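Trainee: sequence unknown, structure follows:
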């Protein structure tokens with residue numbers, strides 16, 4: 001589902017389509033449509049504990065390296081990470 005969502009964001013130029021083709025997500029300057037912004041705000045409000053947890057993971061924990069989230073969870077390839 002995440003890939004389909006990101007494909008849609010790229011198709012609508014909310015993320016850079018060329019960067020997405022190589023597996024990177026980069027927001028563009030395109031404004032978020034008001035209906036989508038309202039749905040995001042509602043989801044963030046109703047799931048604030050989850051959003052807070054994900055924010056902590058993103059800010060306080062390394063993604064790469066031998067002890068990073070990629071290696072510790074096994075959810076992403078990590079063997080080629082620069083140390």
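Mentor: That came through fine. Just so you know, these numbers come straight off a predicted model, no measurement behind them.
Trainee: which intervals of this protein have sub-threshold pLDDT?
Mentor: 76-83 (pLDDT under 70).
Trainee: let's go with 80 and repeat that
Mentor: 66, 70-71, 74-83 (pLDDT under 80).
Trainee: any chance you could map the helices in it?
Mentor: Counting by DSSP state H, the chain has helices at residues 2-11, 17-21, 34-46, 48-60, 69-73.
Trainee: dump the ones you listed into JSON lines; add mean neighbour count as well.
Mentor: Just so you know, the C-beta spots here come from the backbone N, C-alpha and C atoms, and that holds for glycine as well. Listed next are those as JSON lines, based on neighbours: other CB atoms under 10 Å:
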{"stretch": "helix 2-11", "mean neighbour count": "12"}
{"stretch": "helix 17-21", "mean neighbour count": "13"}
{"stretch": "helix 34-46", "mean neighbour count": "11"}
{"stretch": "helix 48-60", "mean neighbour count": "10"}
{"stretch": "helix 69-73", "mean neighbour count": "15"}
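Trainee: rebuild these as a markdown table, extending it with distance to residue 28.
Mentor: Formatted as a markdown table, these follow (distance: least, CB to CB, whole Å):
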| stretch | distance to residue 28 |
| --- | --- |
| helix 2-11 | 9 |
| helix 17-21 | 9 |
| helix 34-46 | 14 |
| helix 48-60 | 20 |
| helix 69-73 | 26 |
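Trainee: nearest to residue 27 among these would be which one?
Mentor: helix 2-11 (8.8 Å; CB to CB).
Trainee: helices or strands next to the closest one in the packing?
Mentor: helix 17-21 (3 or more CB pairs under 8 Å, 6 or more residues apart in numbering; DSSP states H and E).
Trainee: sounds good, over and out.
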